[in-house]
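**Student:** Below are the sequence and a predicted model for it; my questions follow.
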Amino acid sequence: MLPILMYHGLHRDAASRGRFDAVYSVHPEMFARQLDWLVEHRQRSVLLDEAMAGAHHVDERHVIISFDDGDVSNVDVALPLLAERGLRAEFFITTDFIGQLGMLAPDDIRRLAAAGMGIGSHGRTHAFLQDLHTAALMAELDDSRARLQAICGRPVDALALPGGRGGERELLAAQRLGYRHLLGSVPGPNRRPRRDAFLQRLPITRTLTLDDFAALVQWRGLPPRWMKARHAALQMPKRMLGNDGYQRLRERLL
Ligand SMILES: [Zn+2]
């Protein structure tokens, strides 16, 4: 099993620095408690390269901590809390957001990289890749990676799908461009993590209790079932409305 936690921003409230989201912004104190839980339960936080190399002791429990979008709280709040505990995380950054209000600047990304964190692409514009023609799809994948490589001066070979949406075409395109780690957001524990399929992730939301967090990481009890049911329920309007219509519906609901 390889649980991959999916965070976005860490915000106390809507007035906090960064882009607050009522669903996905996790309170910094709750984030700290979640990290402490991982440490206490000997879940070793690793980066994708190490996890996918497959070389670890059988009794070792690996977990991957990941962040999407590139909110400024990734460096303001997450980095010190991770560093204090000797933990590492993967940061997936949408490159057109770089330097925007409330988002990471190039120097912030270099700080994350210098601290031993993973840097990956989350697209150039955050467009849902499935909606794009092939040329636009390739540009999203290639431009974002080139920009991130130029900023942090090292190869970038991981991609997290914007909005979690993508299928076979997106997988093949990313692989053809040299991406080695591909992450979606279908909830699951990655029982057998594979390179030729999107890795599953566990979205960590604002209202998740510590008990439910523990159940998700260990993939037992009811919370995994609730998460799968919620994902399935959200897939239905996505299919009926298309990505644009779904996004408008979600914005209205929130
Ligand atoms: Zn995103």
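**Tutor:** Everything's here; your move.

**Student:** who does whichever strand or helix holds residue 234 touch, helix- and strand-wise?
**Tutor:** Using DSSP states H and E, residue 234 sits in helix 223-253. Packed against helix 223-253 by the contact rule (3 or more C-beta pairs under 8 Å, 6 or more residues apart in numbering; DSSP states H and E) you find helix 210-218. Any C-beta I mention is one placed from the backbone N, CA and C, and that applies to glycine too.

**Student:** Put the alpha carbons of the helix it packs on into PDB.
**Tutor:** C-alpha atoms of helix 210-218 as PDB (Å, rounded to 0.1, in the frame of the first residue of the first chain):
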ATOM      1  CA  LEU A 210      -8.100  13.000  13.000                       C
ATOM      2  CA  ASP A 211      -9.800   9.600  13.500                       C
ATOM      3  CA  ASP A 212     -11.100   9.700   9.900                       C
ATOM      4  CA  PHE A 213      -7.600  10.800   8.700                       C
ATOM      5  CA  ALA A 214      -6.100   7.800  10.500                       C
ATOM      6  CA  ALA A 215      -8.700   5.500   8.900                       C
ATOM      7  CA  LEU A 216      -8.000   6.800   5.400                       C
ATOM      8  CA  VAL A 217      -4.200   6.500   5.700                       C
ATOM      9  CA  GLN A 218      -4.700   2.900   7.000                       C
END
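
**Student:** So for that helix, mean pLDDT?
**Tutor:** Mean pLDDT, helix 210-218: 96.

**Student:** try stretch 177-193
**Tutor:** Throughout stretch 177-193, pLDDT has a mean value of 93.

**Student:** Would you confirm that residue 35 contacts residue 85?
**Tutor:** Yes: the pair residue 35 / residue 85 is scored as a contact, 5.5 Å apart, by C-beta atoms under 8 Å.

**Student:** more crowded one of those two?
**Tutor:** residue 35 (21 against 14; other C-beta atoms under 10 Å).

**Student:** what's next to the helix or strand containing the more buried one, contact-wise?
**Tutor:** Here residue 35, judged by DSSP H and E, is contained in helix 28-40. Applying C-beta atoms under 8 Å, 6 or more residues apart in numbering, the contact partners of helix 28-40 are 5, 7, 10-12, 26, 45, 63, 65, 73, 77-78, 81-82, 85, 87, 204, 206, 208, 210, 213-214, 217.

**Student:** Give the partner strands of the helix or strand that comes right after that helix in its sheet and their orientations.
**Tutor:** Proceeding N to C from helix 28-40, the next assigned helix or strand is strand 43-45, under DSSP H and E. Here strand 43-45 has these sheet partners by DSSP bridges: strand 61-69 (parallel).

**Student:** can you give me the angle the partner strand makes with helix 28-40?
**Tutor:** With axes from the mean of the first three to the mean of the last three C-alpha atoms, to 10 degrees defining the directions, strand 61-69 sits at 160 degrees from helix 28-40.

**Student:** do strand 61-69 and the ion meet?
**Tutor:** Yes: Strand 61-69 reaches the ion (C-beta under 5 Å from the ion) through 68-69.

**Student:** I'd like the average pLDDT over that strand.
**Tutor:** 96.

**Student:** Pull the residues that contact the helix or strand following that strand.
**Tutor:** Later in the chain than strand 61-69, the nearest helix or strand by DSSP H and E is helix 73. Applying C-beta under 8 Å, 6+ apart, the external contacts of helix 73 come out as 9-11, 16-18, 28.

**Student:** about what we covered before: now the helix holding residue 35: mean pLDDT?
**Tutor:** 97.
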